[in-house]
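# Here is a sequence together with a model predicted from it:
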Amino acid sequence: MRRQALAVVFFGAAAAAPLVVRDAYFLDSLILILMWGATSAAWNLAGGYAGQVSLGHSAFFGIGAYAAALLATRYDQSPWLGMLVGAVVATLAGLVIGYLSNRLKGPYFALATIAFSQVLLILASRWRAFTSGSEGIPVPFRPGFATLGFTSKTAWVYLTWALAMALFLAERYLEVSRTGYRLAGVREDEDAAEALGIPTRRLKVAAIALSAALTSVCGTLWAQYVGFVDPFYVFSVDLSVKFSLSAIIGGLGTAMGPFVGSLLITTLETYLRATFSGIHGSLVGIYLVIYGALLIVLVRFLPQGFVGWLAERARGHRHARA
Amino acid sequence: MAAVPQLLISTVLLGGIYALIAVGLTLIFGIMRVVNFAHGEFLMLGMYLAFWAFALWGLDPYVVLWAALPLFFLAGLGVYALVIRGVVHSSHNVQIFTTVGLSIVLQNAALVLWTGDFRFVRPWYGAVVLRIGDAAFNLSQVVAFLVAVLLALGLFVFMTRTHAGRVMRATAQDAEAATLMGIDTDRVYRLAFAIGIACVGVAGVLVSPLYSVYPTAGLQFVLLAYVVVVLGGLGDMVGALLGSLIVAGVEVVGSYVFGAAWKEVIYFVLFIAVLVFRPAGLFGQRGAESLGA
């Protein structure tokens, strides 16, 4: 029950915030928390639930960002269509990666996904005729719902809120559904799951493909929000790490974990950036030093993440009372 | 056809450098079963060490080399004690994210301390070109290659001829049995990690006259080192040497045929292909990829 309380507070506060606060800086942080939380939740499907830790998910994020930007600038199409095209392309890429990675576990899978995102980075940054190369693509701003152009931060808050909520509910459902239990079986002991007649291969591939498609949707939204697609950012290893970090810190394979992680990381990032950039320009990077150190410590002492830890404590209390 | 000797020589020289980076990575993996995602950052630190020694005191990278070996060995011991030791027996996820965290810390510490500027180490011999027939190559490349070969040979002798080396190989084969034979595996891991870091630190000093130095300089090399190491079979030292030559060959021939811009695509595709079809490496044993999983 405590886990649900956390979700109610988080999503309730996020939905109510724009009604109370008008500060653009605060709303921007809120949008980023929801957006990175949603991306991390998409990553969580493969990394947390299926147990295939990818360090190349920026590949799918970039596919979504580029699909919408290219369709808009080259073919004058709506970003919604771009979102769909991106999701289809990412699903196909996810199917291929998922299928190929069936034999690969742990660090091998992580390495294969890094290599995949690097190939896309090189393609996007060198294929000048189609992708504009390393200069990136400015995303045209056309106001209106059909063209995904909102000037109001409030609209963006609710858009990202809806996406985040949908992902949360999907993963919450996964935790109590038959498919979810099967997936947990695959993650914990693949051979045993196979022996019980669970189609382990198909489940893993499906989880990775779905995760890829949803990551791509997040990429499209992000590109529309920021208004610029830079290949060295959207396909970077750093970004892939960012997706996985929120989930790891919040709790791998938990529905609420990615959002709690995103809340912590994005807040920390915003706070440290504001603090250090005032003192000295070159100290901006220091927030990443702290962030990395925090990761080392957290993974070591709280490997189940904050949400996992809360759930364990809640269970402990119940046992104590009973 | 006139280009063949040049391509061959370039391949061998480049292969030697890659080998030195990859040998440390494969040693750490082979013995500890930990994939060190922060390996490239130690290469970057080696490059910065060479840069600062050169810029501040005018010390030649080939002098710094001898100080780098013990320095990075100590750094390896320190990092092992502080960060790695606690996760040697943890799950893959914990190990991956611990070393990723370490990589973030080191990269950004370099960024904060030394800014993101591209730096160059330009000793007098930086521009010296040697010629044999039609083939031309850079003097620093030859020196880097020779030192790399020497160090790799030294490591090989250490692993096969000394007691400590045999103990390390025994631990790699079966850590549990080794413990039962009275081997202190913690000491073995510490030594393996420190040697691996010393190798890559020295490699950083060696390549400093050849490449520009910046906080994320390690990334391009380490991705390459992973290609090498997986090709040769993770944990296989001789395989790593052969893998280095293959990757260097692909890079040299690839840039000659398709232009330098696309060489990375070629070896990443090669990498993915190897991961898919022979995840245990070209020479490794089948099934090694799921070891300890």
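That came through fine.

# A:Tyr203 and B:Thr160: what is the separation?
For the record, residue A:203 is Leu, not Tyr. Relative to B:Thr160, A:Leu203 is positioned 45 Å away (C-beta to C-beta, to the nearest Å). Placement of C-beta: from N, CA and C, glycine included.

# just B:Arg131 next, same as before
37 Å.

# and if you look at B:Gln6?
35 Å.

# do A:Gln224 as well
The gap separating A:Gln224 from B:Thr160 is 59 Å, by C-beta to C-beta.

# More neighbours: which of the two?
Per other C-beta atoms under 10 Å in any protein chain shown, whichever of A:Gln224 and B:Thr160 has more neighbours is A:Gln224, with 26 against 11.

# element containing that one, please.
Per DSSP states H and E, A:Gln224 falls inside helix A:200-226.

# what comes into contact with the helix or strand following that helix?
Going down the chain from helix A:200-226, the next helix or strand is strand A:228-229, by DSSP H and E. The contact list for strand A:228-229 (C-beta atoms under 8 Å, 6 or more residues apart in numbering or on different chains) reads A:Gly62, A:Ala65, A:Tyr66, A:Ala69, A:Gly136, A:Ile137, A:Pro138, A:Val139, A:Ala223.

# Drop anything exposed from these.
Using 16 or more other C-beta atoms under 10 Å in any protein chain shown as the burial test, these include A:Gly62, A:Ala65, A:Tyr66, A:Ala69, A:Gly136, A:Ile137, A:Val139, A:Ala223 as buried.

# what's the helix holding A:Gln224 packed up against?
Judged by 3 or more C-beta pairs under 8 Å, 6 or more residues apart in numbering or on different chains; DSSP states H and E, the packing partners of helix A:200-226 are helix A:24-44, helix A:58-75, helix A:79-100, helix A:153-176, helix A:178-188, helix A:190-195.

# want to throw the ones you listed into TSV with distance to B:Phe120?
Shown next, in TSV, are the helices and strands packed on helix A:200-226 (distance: least, C-beta to C-beta, whole Å):
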stretch	distance to B:Phe120
helix A:24-44	37
helix A:58-75	30
helix A:79-100	38
helix A:153-176	44
helix A:178-188	48
helix A:190-195	50
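
# quick one, which of those helices is packed in tightest?
Looking across those with neighbours counted as mean count of other C-beta atoms under 10 Å in any protein chain shown, the highest average goes to helix A:58-75: a mean of 26.

# Can you tell me which of the helices and strands packed on helix A:200-226 is nearest to B:Val23?
With C-beta to C-beta, the closest approach to B:Val23 among the helices and strands packed on helix A:200-226 belongs to helix A:79-100: 27.8 Å.

# Run the contact check for that closest one versus chain B.
Yes - for helix A:79-100 and chain B, the contact criterion (C-beta under 8 Å from any C-beta of the partner chain) is met by A:Leu100.

# between that helix and helix A:200-226, what angle do the directions make?
Using axes from the mean of the first three to the mean of the last three C-alpha atoms, to 10 degrees, the direction of helix A:79-100 lies 150 degrees away from that of helix A:200-226.

# where does the stretch 101-250 of chain A have low pLDDT?
Low-confidence segments of the stretch 101-250 of chain A (pLDDT under 70): A:146.

# Can you tell me the closest non-neighbouring residue to the residue of it found nearest chain B?
Across the stretch 101-250 of chain A, the shortest distance to chain B (C-beta to the nearest C-beta) belongs to A:Gly106, at 3.4 Å. Leaving aside its chain neighbours, A:Gly106 sits nearest to B:His92 (3.4 Å; criterion: C-beta to C-beta, 6 or more residues apart in numbering or on different chains).
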